[in-house]
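*Asks:* sharing a model prediction with you, sequence too.
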Amino acid sequence: MSHKYVYLFSEGNGKMRELLGGKGANLAEMTVLGMPVPQGFTISTEACTQYYKDGREINADIQAEIYEYLAKMEKISGKKFADPTNPLLVSVRSGARASMPGMMDTILNLGLNDTVVEGLAKLTNSPRFAYDSYRRFVQMFSDVVMELSKTEFEKIIEAKKQEKGVKMDTELDADDMKDLVKKFKAFYKAQKGEDFPTEPKVQLMEAVKAVFRSWDNPRANVYRRMNEIPYDWGTAVNVQAMVFGNSGDKSGTGVAFTRNPATGEKALFGEYLINAQGEDVVAGIRTPFPISHLQQDMPEVYNQFAEIANNLEKHYTDMQDMEFTIENGKLYMLQTRNGKRTAAAALKVAVDLVDEGMITEEEAVLRVEPKQLDSLLHPQFDATAIKKAKAIGKGLAASPGAACGRVVFSAEDAKEWHDKGEKIVLVRLETSPEDIEGMAVAQGILTVRGGMTSHAAVVARGMGTCCVSGCGEIVVDYDAKKFTLAGQTIKEGDYISIDGSTGNIYAEAIPTAAAKISGDFDRFMKWADAARKLEVYTNADTPKDAKQGRDFGAQGIGLCRTEHMFFEGQRIKAMREMIVAKTTEEREKALVKLTPFQQGDFEGIYEVMEGRPVIIRFLDPPLHEFLPTKEEDIKEIAGELNITVADLKNVIASLHEFNPMMGHRGCRLAVSYPEIARMQTTAVINAAIAVNKKHPEFKTEPRIMIPLVGEQKELKFVKDIVTETADKIIKEAGVSLRYEVGTMIEIPRAALTADDIAKEAEFFSFGTNDLTQMTFGFSRDDAGKFLNYYYENKIYESDPFAHLDQNGVGKLVKMAVELGRKTRPEIHLGICGEHGGDPTSVEFCHNVGLNYVSCSPFRVPIARLAAAQAAVKEKRAK
Ligand code: PEP
Ligand code: MG
């Protein structure tokens, strides 16, 4: 038998999401559960992959299979495609493995043409309904399949409404709808140079192709990159019998969650529209009723829906996000999936489900996206400032948090202003997937239209970006780049503030304050900590950062970049004196001035860390970074340093490098100027002795880390300077102090010779920023300029500086872990590059057996959770 690409809903189940996509698998599961699901079939993700393999064509075998299943569907429904006396109409919807809201396009009412619509009008005795369905189909098909701009169609509708003097689409009658169809088709012909396709089978195949094609549209690519969804997964296509929410006052359509997706509160939450089709709710064109209202409107339907919702939640043991349609008083379920939710809601739902006995603590750990925690850690308005501020309007509190920024009105402007370093709030009538990049860079999003399940609300919540939606009083003028609200005019560039937790809008800049974490958080994170094996450290250069890291649960400092301590006031001067020194004695003199500063910083950090591991990295950047570049600064600094301008310029010229990142930096500085390593060792050891004297209970044991090592002898050279200096100080102080000397593995050669390096190094910390740079041969400062071309051409799917390249850089890490442990089985291994706070990279670190990850303070909770999930997943895979 040839490969099977198409499945009836009744042939699948909820576990088949890789093949059927999330939507298809859940439609199959609901079918298995006996719920009222309009029947249909799913064209698998493998068919999508095959479509791309075949050069963006659906091959003859798959086409034949689709038609075979269409015939099966006709049999099941008792209706016939293209038959005006008993027409089968279908929806065509995408459904990838991971839900991609708004990314993929939907076509409803497919199967209509001039003949079928007449049949439908007769059958339903409602020409208005039939022509409303038809005009929607022509509109959606033209937009989604044929890529004609939907705004043009909206303009035609708008003109019609004005002509009739009405406001709502529902006020247009059958003849108006008929006229719209005519106008739409004329527009189509004018644009495309051919008639609108009338053959339903052709429409179907074109629609399926369009869904496959949409997997590769720029919005989908951006979304996938943001969410690390692999390109080769492909999307499935669901072809489902239509039920009509637009067939009168006993019909409607809606979206609902089993719990509140913003707060996690346990109660049905959602909205619906009477006499409408799905698009109307999501697009936010009409303002819907809350779901509770349905209890009065149609009590029986409401009760049935509430029962189904409850059963689905129990079945999936998670909060569900459901789409339903009511056709002449009969309920149909069109979709269910685990609902997207805010971080606060995710925590509450996970904790509540444990308390309700639905899931275990270990399972709960898997229920919160690590990256989502970010939004809990994001700013809120300063409490006193917000009390004084006066809101000028209110919309829906669609996605919590506080945002303050300058107003822009398009995604393009958002990007442009953001690139200039501005904080912006994106104001739109409503958002659509094209706006995704603009939304991603905005502090906040404000929309005029749309409910809690509109595109803006769903996407912003997913991003953890503050969003206020549906503020209908706003009048936007895109052309003039301004809006008015409560009598005030706000122009592009003006500051506004919006509160995604209350929906308030302020025509002023309100300062924001750091986030506070809720009670659920601590309880939940305790479960995560109990599950994880990796330790989580923080990268911190100051006592303040160390404290922040500790507050977020860091168990140590994995990277203290000492150079950051040399930039302030007196320090930079001493540093510069050291750099311009002509002799070792002069250099040592300058270094002596730096020692107390550095020692003081280390003492502060040790005290905050109370004996926990502190890894201090010796000076790393090329020295020219400490010298001025502008003419006026050079003059001033030459004066300060008491040397001539010419002398300083000579020093600067002598430090010039063609490739500073591969130049005189890292341990190469200590090899050339051992006195620098001596000074830093002195500060590290003296600080530890001082703190241990004050706090013997801490038992501080410093760890000194030598950067940019590529050769064992090089490390030994620097280590000898360190141990000689340290041992002397310890002896003279008459104390006992344990300390360690280790290295960063950030040069491919260090990874390749890690067995040799481990003879000297007592610990390794993978500096994956440099290791990525040097493995790819991409400058970490310049790669941004060309990586976009690599994404566009599908050479790379994500930024290797953000997500560890597991196949290449990861292979080096794995090799170094194995080689290092061969030499020194107890060697302590960690990572301190940016990847240490990236969830998928953390999972990799767990899998290769590192002891810890280290990341910036605000990412510590994310790393803790990612580490826990990696451990749970590994346990379950066994
Ligand atoms: C690294 O290279 O990964 C690292 C942590 O060091 P830096 O970013 O300071 O070069
Ligand atoms: Mg580095």
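*Replies:* Everything's here; your move. Residues are numbered from 1 along each chain as shown. Ligands and ions are numbered 1, 2, ... in the order given.

*Asks:* identify the single longest helix in this structure, thanks.
*Replies:* helix 584-609 (DSSP state H).

*Asks:* list the buried residues of stretch 821-831.
*Replies:* By 16 or more other C-beta atoms under 10 Å, the buried positions in stretch 821-831 come out as 821, 824, 827, 828, 829, 830, 831. To be clear about C-beta, it is placed using only N, CA and C from the backbone, and glycine gets the same treatment.

*Asks:* nearest residue to the last one other than its sequence neighbours?
*Replies:* Right, the one you point to is residue 831. With sequence-adjacent residues excluded and distances taken as C-beta to C-beta, 6 or more residues apart in numbering, residue 831 is closest to residue 766, at 4.3 Å.

*Asks:* also the third one?
*Replies:* Nearest non-adjacent residue to residue 827, counting by C-beta to C-beta, 6+ apart: residue 820, 5.0 Å away.

*Asks:* circling back to that earlier point, the residue nearest to residue 831 bridge partners, please.
*Replies:* residue 745, residue 831 (DSSP bridges).

*Asks:* that one: neighbour count?
*Replies:* 31 (other C-beta atoms under 10 Å).

*Asks:* per-residue confidence for it?
*Replies:* Per-residue pLDDT puts residue 766 at 98.

*Asks:* list the contacts for it?
*Replies:* Residue 766 makes contact with 744, 745, 746, 813, 816, 829, 830, 831, 832, 833, 850 under the criterion C-beta atoms under 8 Å, 6 or more residues apart in numbering.

*Asks:* the second one against residue 755, yeah?
*Replies:* No - in this structure, residue 745 sits apart from residue 755 without contact. The criterion is C-beta atoms under 8 Å, and the distance is 12.0 Å.

*Asks:* higher neighbour count, the two?
*Replies:* Using other C-beta under 10 Å as the criterion, residue 745 and residue 755 rank with residue 745 on top: 32 against 17.

*Asks:* what separation do you get for residue 779 and ligand 1?
*Replies:* To ligand 1, residue 779 is 12 Å away according to C-beta to the nearest ligand atom, to the nearest Å.

*Asks:* what's the answer for residue 820, then?
*Replies:* Applying C-beta to the nearest ligand atom, the value for residue 820 to ligand 1 is 17 Å.

*Asks:* okay, and that residue sits in which element?
*Replies:* Element membership of residue 820, judged by DSSP states H and E, is helix 809-823.

*Asks:* list the buried residues for that helix?
*Replies:* Residues of helix 809-823 classed as buried: 809, 810, 812, 813, 814, 815, 816, 817, 819, 820, 821 (neighbour count, 16+ other C-beta under 10 Å).

*Asks:* likewise for stretch 508-523?
*Replies:* 509, 510, 512, 515, 517, 520, 521, 523.

*Asks:* which parts of the stretch 601-750 of the chain are strands?
*Replies:* Counting by DSSP state E, counting those that start in this stretch, the stretch 601-750 of the chain has strands at residues 614-617, 703-706, 740-745.

*Asks:* which element follows the worst-scoring helix or strand of the chain on mean pLDDT toward the C-terminus?
*Replies:* Least confident element among the helices and strands of the chain, by mean pLDDT, DSSP states H and E: helix 278-283 (a mean of 64). The helix or strand immediately downstream of helix 278-283 is strand 289-290, counting by DSSP H and E.

*Asks:* hmm, who's touching that next one?
*Replies:* Against strand 289-290 from outside (C-beta under 8 Å, 6+ apart): 270, 271, 272, 273, 274, 297.

*Asks:* now render those as a markdown table, adding neighbour count and secondary structure.
*Replies:* Formatted as a markdown table, the contacts of strand 289-290 follow (neighbours: other C-beta atoms under 10 Å; DSSP: H, G, I helix; E, B strand; the rest coil):
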| residue | neighbour count | secondary structure |
| --- | --- | --- |
| 270 | 28 | strand |
| 271 | 20 | strand |
| 272 | 27 | strand |
| 273 | 23 | strand |
| 274 | 22 | strand |
| 297 | 15 | helix |
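
*Asks:* of those residues, which is the nearest to ligand 1?
*Replies:* Distance to ligand 1, by C-beta to the nearest ligand atom, is smallest for residue 270 among these, at 45.7 Å.

*Asks:* now do the same contact list for the residue nearest to the closest one when sequence neighbours are not counted.
*Replies:* Of all residues not flanking residue 270 in the chain, residue 256 sits nearest, at 2.7 Å (C-beta to C-beta, 6+ apart). Neighbouring residues of residue 256 by C-beta under 8 Å, 6+ apart: 268, 269, 270, 271, 272, 291, 305, 309, 321, 322, 324.

*Asks:* which one of those is nearest ligand 1?
*Replies:* Nearest to ligand 1 among those, counting by C-beta to the nearest ligand atom, is residue 321 at 39.1 Å.

*Asks:* low-confidence stretches in the chain?
*Replies:* Counting by pLDDT under 70, the low-confidence segments of the chain come to 1, 101-104, 279-285, 433-434, 451-454, 458, 461-464, 514, 516.

*Asks:* residue 323 belongs to a strand, doesn't it?
*Replies:* Yes - assessed with DSSP: H, G, I helix; E, B strand; the rest coil, residue 323 lies in a strand.

*Asks:* gap between it and residue 332?
*Replies:* Distance, residue 323 to residue 332, using C-beta to C-beta, to the nearest Å: 10 Å.

*Asks:* got it, and residue 485?
*Replies:* Taken as C-beta to C-beta, the span from residue 485 to residue 332 is 39 Å.

*Asks:* likewise residue 316?
*Replies:* Distance of residue 316 to residue 332, computed by C-beta to C-beta: 19 Å.

*Asks:* same check, this time on residue 181
*Replies:* Residue 181 is 26 Å from residue 332, where distance means C-beta to C-beta.

*Asks:* next: residue 565.
*Replies:* 65 Å.

*Asks:* all strands of the stretch 451-600 of the chain, in order?
*Replies:* Using DSSP E, counting those that start in this stretch, strands in the stretch 451-600 of the chain cover 466-469, 475-477, 482-485, 488-491, 495-499, 504-506, 512-513, 535-539, 557-561.

*Asks:* which one, of these, ends up nearest to ligand 2?
*Replies:* With distances scored as C-beta to the ion, the stretch of the strands of the stretch 451-600 of the chain nearest to ligand 2 is strand 557-561 (8.9 Å).

*Asks:* check the offset of the closest one from the chain's centre.
*Replies:* 26 Å (C-alpha atoms, centre = their mean, to the nearest Å).

*Asks:* just confirm yes or no for that strand near ligand 1.
*Replies:* Yes - Strand 557-561 comes into contact with ligand 1 (C-beta under 6 Å from any ligand atom), by way of 559, 561.

*Asks:* run through the helices of the stretch 1-150 of the chain in chain order.
*Replies:* 17-32, 45-53, 60-77, 114-124, 127-140, 150-164 (DSSP state H, counting those that start in this stretch).

*Asks:* as TSV, those helices with distance to ligand 1 and mean neighbour count would be great.
*Replies:* Below are those laid out as TSV (distance: least, C-beta to the nearest ligand atom, whole Å; neighbours: other C-beta atoms under 10 Å):
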stretch	distance to ligand 1	mean neighbour count
helix 17-32	34	24
helix 45-53	36	20
helix 60-77	47	16
helix 114-124	63	17
helix 127-140	49	24
helix 150-164	46	14
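
*Asks:* turn those into a markdown table, including distance to ligand 2.
*Replies:* Listed next are the helices of the stretch 1-150 of the chain as a markdown table, based on distance: least, C-beta to the ion, whole Å:
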| stretch | distance to ligand 2 |
| --- | --- |
| helix 17-32 | 38 |
| helix 45-53 | 39 |
| helix 60-77 | 50 |
| helix 114-124 | 66 |
| helix 127-140 | 52 |
| helix 150-164 | 49 |
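
*Asks:* much appreciated, bye for now.
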